[in-house]
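What follows is a predicted protein model with its sequence.
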Amino acid sequence: MNSAPTNQDPDELVVEVNEKQAIFLETVYTHRYKIAGMIGGRGSGKSITLSDFLLLAMGELPKAKCGWGVPTIKKAKSKLTSGLKAGWKRHGLKEYDFRTGEGCFVLWREPPAHFDRPHEAPDIWENCISFPNGFVIEFESFKMAAAENRGANYDLYVIDEGLNFKKEWLKVVLPTLRANVGVYNSTFHQMLAVFSSPPWDLSGQWMYDIEEQAKAEPDKYFFLEVKTKDNLAFLPADYLDTLQKNLSRLEYQVEVEGERLSKMPHNFYPSFQHHIHVCKEESEELEGRACRNGELLYNTSLPLEASLDFNAHFTSATLWQSDRVEARLVDNLFCKEPDTNADGVAMTMAQTLATMLATEYAGHRCKQIVLTGDRNGKNKSAGSTKSMFDQVAEVLEGEGWTVDTEPLNYNPPHIDKFKDLNTVFAEGSIDLVRIRIDGIRCKATVISMDNSPLNADFTKSKKSESSKIDQERATHLSDTVDYYILWKLKGGKRWSGSGGEDFDLDYF
C-alpha cells in the first residue's frame, strides 16, 4: 500500500498492511461514500488504518478541515496521539520541531508561517493537528456540550472508538459536512468515517446500523469488520494465547473473535458455569477441609464473610469463607417477614436475619465476621434509629462475635460491573480470586443467578423481584454475590476489630 506523499517528502514510501486494512483503504480511496465504518478487535490494526486513512485524506484534501468527534478532548489527546505518531512514523513522517524547522505535522498549537492555512482556519489551534499543505484535523468535545458544535463546517469527519460516541451526536456531526462544495474532486470529501472497537453496550450498537445501511445502499455506505486473526502477520506469535489467558471468556469472544453480544446468551453471568463453580459432591480439591453435616466447603475454624442485601419484604445474605486464591460460598440465609426476639419484642428485618445467622452458627469456632454488601444498608430502617448494618452487627456482637462492617459505598458503571464479575467467573487470571459454591446448601443462590436476565444496557433485569415467584428464586441472592465479588476485587476484608467502618473503595 503506497503512502500519501507530503510536501516535505515527495517520494512515496511502501508500507505493509493486512488484507482487511488494504480493502478498507482502497475502497474508500476509489469510491465516494457518505459513511464508511470499520469495527476492529484487539490488535486488528484498526488504529493503524485510521492513521493511514488520515494521511490519504491529507494528500487528497489540501487546505481542508477534518473534524474529529471525541467525548473529551483531554482524554482523546492522551489516548490517541501516540497511536497516530506511530502510524505516521511508518511513512517517514515525524512531528515538527520548531527549533530545527524539520517535521511534517504540528500537534496542538498554531503551525509555522510556511505551513499553508485551510480555507477556514480554526479559531483555536490547541485542539488541532496541522500539515504543511494546509490540511487540519480539529478535535471536538461532545460529552459536556454537544450542541456547542453545531454550525461548524468540515470537509471530512472522523470518529474513533465509536462505541463511546452517542448516536444522538450524529445529528450534530452530519450537518457539518458541507464545506467547500465543488472545490474537491475526492472520494474523501464530505465523508464520515467511523472506527471502533467492538461495542459492549447498547449505546454503541448504532455502528452496526452502518452495516445494515451498506446492505441496503451499498453505493452510499461501506462497512468492514476486522478480527484479531486478520492481523496475525503483524502480531507476536503468542499474541492470541496471551489474550486468551488474560481476558475473560466473554471479552475474548467479543474483542478477539468478533462475536456480537446480541447473539450471545442473555444471562447476566455468561461466564458462570455449573461444572466449574458449583460443588455438589466431595472431590480431591476439597480433601482435608473440616465440614459440617456433610457440607462441602464450610470450615468451622475460619472467619465468615457476609454479603447482605436489605429489602422490606426479603432481606438476605450469602456467607463466605476465603483465602488468597479462593472464595467459597458456604451458605445463604433470608427472611421474608420480621420476627420477635426471645423476649417477645418485635425485630426489624435486619435484626431477624442477624438472629438467624447467630442461631445457625452458634457452634462456629471462629466467631469473627465481616459484613459487606448493599450500600443502602447504611440507612436506618423502619422500627429502629440505627442503620441496618449496625443492627446486624449489634445482634452478632451480643452473641460474642467480633464484627467488622465494610459496606460498599458506590455502584460502578453497569458495563464495568458486568465485565468485572464475568472476568472473575472466567478465571482468566491467576491474580483474581476463584469462586466456588456449595451447590447443595446454596441451591437458592445458584437458581437466583441462573434466573438473572441481562438487559440491553448491561444491567440485571429485576422483574423477578416484583413477580409472584418465591423471592429466594428471584435476583436478590445473586445481588449479594455481586456485592461480595466487587468487594473482593478491591482488597477483600480488613480485620481491624473495631467494627462499624465503611470500606472506602475508590472503585465504588
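Okay, I see it.

Distance of residue 389 relative to residue 231?
Counting by CB to CB, to the nearest Å, the gap from residue 389 to residue 231 is 51 Å. All C-beta atoms are positioned from the backbone trio N, CA, C, and that covers glycine.

Looking at those two, which is more packed in?
Neighbours were counted for residue 389 and for residue 231 using other CB atoms under 10 Å; residue 389 has more, 28 against 24.

Not counting sequence-adjacent ones, nearest residue to that one?
Spatial nearest neighbour of residue 389, chain neighbours left out: residue 377 (4.6 Å); criterion: CB to CB, 6 or more residues apart in numbering.

Over to stretch 385-403 now: how far is its first residue from its last?
20 Å (CA to CA, to the nearest Å).

how far does it sit from the chain's center?
Stretch 385-403 sits 36 Å away from the centroid of its parent chain (CA atoms, centre = their mean, to the nearest Å).

which outside residues touch that stretch?
306, 308, 310, 348-351, 353-355, 357-358, 362, 367-371, 376-381, 384, 405, 407, 497, 499-500 (CB atoms under 8 Å, 6 or more residues apart in numbering).

Could I get the buried residue list for that stretch?
Buried residues in stretch 385-403, counting neighbours by 16 or more other CB atoms under 10 Å, are found at 387-397, 401-403.

quick one: which of these sit in strands?
402, 403 (DSSP state E).

show me where the stretch 151-300 of the chain has helices.
Secondary structure of the stretch 151-300 of the chain (DSSP state H, counting those that start in this stretch): helices located at 170-173, 207-216, 239-246, 249-255, 274-277.

Turn those helices into JSON lines, including distance to residue 15.
Shown next, in JSON lines, are these (distance: least, CB to CB, whole Å):
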{"stretch": "helix 170-173", "distance to residue 15": "30"}
{"stretch": "helix 207-216", "distance to residue 15": "27"}
{"stretch": "helix 239-246", "distance to residue 15": "20"}
{"stretch": "helix 249-255", "distance to residue 15": "25"}
{"stretch": "helix 274-277", "distance to residue 15": "45"}
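
Turn the buried residues of stretch 385-403 into TSV, columns for distance to residue 315.
Shown next, in TSV, are those (distance: CB to CB, whole Å):
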residue	distance to residue 315
387	13
388	8
389	12
390	14
391	10
392	9
393	15
394	15
395	13
396	15
397	19
401	18
402	22
403	17
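
picking that back up, between the helices of the stretch 151-300 of the chain, which gets nearest to residue 19?
helix 239-246 (17.5 Å; CB to CB).

Now do that closest one: everything it contacts.
Defining contact as CB under 8 Å, 6+ apart, one finds that helix 239-246 is touched by 42, 43, 228, 229, 232, 236, 252, 256, 428, 429.

rerun at 7 Å
If you take CB atoms under 7 Å, 6 or more residues apart in numbering as the criterion, helix 239-246 is touched by 42, 43, 228, 252, 256, 428, 429.

Point to the residue nearest the middle of the chain.
residue 416 (4.1 Å; CA atoms, centre = their mean).

how does this protein divide into domains?
The chain is divided into the following domains under automatic domain parsing: 19-263, 274-489.

What residues of whichever helix in the chain runs longest count as buried?
The residue-count maximum for a helix in the chain (DSSP state H) belongs to helix 73-89. Neighbour-count burial for helix 73-89, counted by 16+ other CB under 10 Å, picks out 73, 76, 77, 80, 84, 87, 88.

Can you report how many residues neighbour the closest residue to residue 31 other than its chain neighbours?
Here the nearest residue to residue 31 in space, its sequence neighbours aside, is residue 187; by CB to CB, 6+ apart that works out to 6.0 Å. Residue neighbour count, defined by other CB under 10 Å, stands at 18 for residue 187.

mind saving the C-alpha coords of the helix or strand of the chain with the lowest mean pLDDT as CSV?
Taking mean pLDDT, DSSP states H and E as the measure, the helix or strand of the chain with the lowest value is helix 249-255, at a mean of 78. C-alpha atoms of helix 249-255 as CSV (Å, rounded to 0.1, in the frame of the first residue of the first chain):
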residue,chain,number,x,y,z
ARG,A,249,-14.1,-15.7,28.1
LEU,A,250,-16.7,-13.1,27.2
GLU,A,251,-14.1,-10.4,26.5
TYR,A,252,-12.2,-12.8,24.3
GLN,A,253,-15.3,-13.8,22.3
VAL,A,254,-16.3,-10.1,21.7
GLU,A,255,-12.9,-8.3,21.4
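
ok now that helix, how far from the chain's centre?
Relative to its chain's centre, helix 249-255 lies at 12 Å (CA atoms, centre = their mean).

for stretch 393-412, same thing?
Centroid separation between stretch 393-412 and its chain, computed with CA atoms, centre = their mean, is 30 Å.

how far does it stretch from start to finish?
26 Å.

Let me know the average pLDDT across that stretch.
Per-residue pLDDT over stretch 393-412 has a mean of 91.

and the residue nearest to residue 108 when sequence neighbours are not counted, how many neighbours?
Nearest residue to residue 108 in three dimensions, chain neighbours excluded: residue 126, at 5.3 Å (CB to CB, 6+ apart). Using other CB under 10 Å, the number of residues around residue 126 comes to 12.

pretty sure residue 126 contacts residue 107?
No: assessed by CB atoms under 7 Å, residue 126 is found out of contact with residue 107, at 9.6 Å.

Now do the shared contacts for these two.
Contact criterion CB under 7 Å, 6+ apart; residues shared by residue 126 and residue 107: none found.

Now do the same for the residue in the chain sticking out farthest from the centre: helix, strand or coil?
For the chain, the largest distance from the centre (CA atoms, centre = their mean) belongs to residue 343, which lies 50.7 Å off. Here residue 343 is coil, with the state taken from DSSP: H, G, I helix; E, B strand; the rest coil.

which residues of the stretch 51-200 of the chain fall in strands?
Chain-ordered strands for the stretch 51-200 of the chain, with DSSP state E, counting those that start in this stretch as the definition, fall at 65-70, 106-107, 128-130, 136-141, 156-159, 191-196.

Quick one: mean pLDDT for the last one?
Strand 191-196 shows an average pLDDT of 97 in the prediction.
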